[in-house]
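below are the sequence and a predicted model; questions follow.
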Amino acid sequence: MRLLAIALTESDKRGLFFLATVVIQQIIVSSVKLATAVSSSKQ
């Protein structure tokens, strides 16, 4: 993880931000799917 931070340049930060945005979207989608699965299983 430290090596990644050292290798990170200004141009890479934009790509990293995009990657983080994609990861966050995936987490949100997974959370919504999990919430709907839990609520449907309760019924």
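Yep, that arrived.

show me where the chain has strands.
Using DSSP state E, no strands are assigned anywhere in the chain.

if you count contacts, what does the helix with the most length in the chain end up packed against?
Assignment by DSSP state H gives helix 10-42 as the longest helix of the chain. Counting contacts by 3 or more C-beta pairs under 8 Å, 6 or more residues apart in numbering; DSSP states H and E, helix 10-42 is packed against no other helix or strand. Glycine gets a C-beta too; all of them are placed from N, C-alpha and C.

now do stretch 18-32, average pLDDT.
Stretch 18-32 carries an average pLDDT of 95.

list the contacts of it.
Outside stretch 18-32, not one residue touches it by C-beta atoms under 8 Å, 6 or more residues apart in numbering.

can you do 10 Å?
Contact partners of stretch 18-32, identified using C-beta atoms under 10 Å, 6 or more residues apart in numbering, comprise D12.

and it, how far out from the chain's middle?
The chain centre lies 4 Å from the centre of stretch 18-32; the measure is C-alpha atoms, centre = their mean, to the nearest Å.

convert it to PDB, retaining C-alpha atoms only.
The C-alpha coordinates for stretch 18-32 follow below in PDB (Å, rounded to 0.1, in the frame of the first residue of the first chain):
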ATOM      1  CA  PHE A  18     -12.400   7.500 -10.900                       C
ATOM      2  CA  LEU A  19     -11.600   4.100  -9.500                       C
ATOM      3  CA  ALA A  20     -12.700   5.100  -6.000                       C
ATOM      4  CA  THR A  21     -16.000   6.400  -7.500                       C
ATOM      5  CA  VAL A  22     -16.600   3.100  -9.200                       C
ATOM      6  CA  VAL A  23     -15.900   1.100  -6.000                       C
ATOM      7  CA  ILE A  24     -18.200   3.400  -4.000                       C
ATOM      8  CA  GLN A  25     -21.000   2.800  -6.600                       C
ATOM      9  CA  GLN A  26     -20.400  -1.000  -6.400                       C
ATOM     10  CA  ILE A  27     -20.700  -0.800  -2.600                       C
ATOM     11  CA  ILE A  28     -23.900   1.200  -2.800                       C
ATOM     12  CA  VAL A  29     -25.400  -1.300  -5.300                       C
ATOM     13  CA  SER A  30     -24.400  -4.200  -3.100                       C
ATOM     14  CA  SER A  31     -25.900  -2.500   0.000                       C
ATOM     15  CA  VAL A  32     -29.200  -1.900  -1.800                       C
END
